[in-house]
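Visitor: next one to model:
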Amino acid sequence: MILIFLVSLSLGLIILLGYELMKSNSPIKMTSMGTSFECGIDPLGQSHTQFSLKFIYISILFIIFDLEVVVILMGPVLGASIETLILGIILLLLLFGLLVELQNKFLLVYL
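Guide: From the prediction side, this is the model:
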């Protein structure tokens, strides 16, 4: 086990050392590193497009409700124990979050 750790550590250090040596000897200046595609071609117009926050809200809601489904499906497996109490508290917090989102009219755009 120690041998595997030492081999992995030495390989990682060799890779980092090689990267630092190649980076410091590079004569080419990367002028297009700040652009969106880094391909050397200047963009036509604005390179960074803006998008609506609705997509971020939808993704956050998807993650929250996906976790809620996982927690609900864990319920029958847990049985009657302290984990069931924790499961109930989590579901109440999620329900409270849903009510706050409905009160602030975040969800009315999507319904």
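
Visitor: tell me what the one helix or strand L93 maps to is packed against?
Guide: Here L93 sits within helix 82-103, counting by DSSP states H and E. Using 3 or more C-beta pairs under 8 Å, 6 or more residues apart in numbering; DSSP states H and E as the contact test, the elements touching helix 82-103 are helix 54-78. Heads up, the C-betas are built off the backbone N, CA and C, glycines and all.

Visitor: and the helix it packs on, what's buried?
Guide: 61, 68 (16 or more other C-beta atoms under 10 Å).

Visitor: and it, what other elements does it pack with?
Guide: Judged by 3+ C-beta pairs under 8 Å, 6+ apart, helix 54-78 is in contact with helix 82-103.

Visitor: now the helix it packs on: average pLDDT?
Guide: For helix 82-103, the mean per-residue pLDDT is 78.

Visitor: against V7, how distant is M1?
Guide: Using C-beta to C-beta, to the nearest Å, M1 is found at 11 Å from V7.

Visitor: show me which of these two is the more surrounded one.
Guide: More neighbours surround V7 than the other of M1 and V7, with 10 against 5 (other C-beta atoms under 10 Å).
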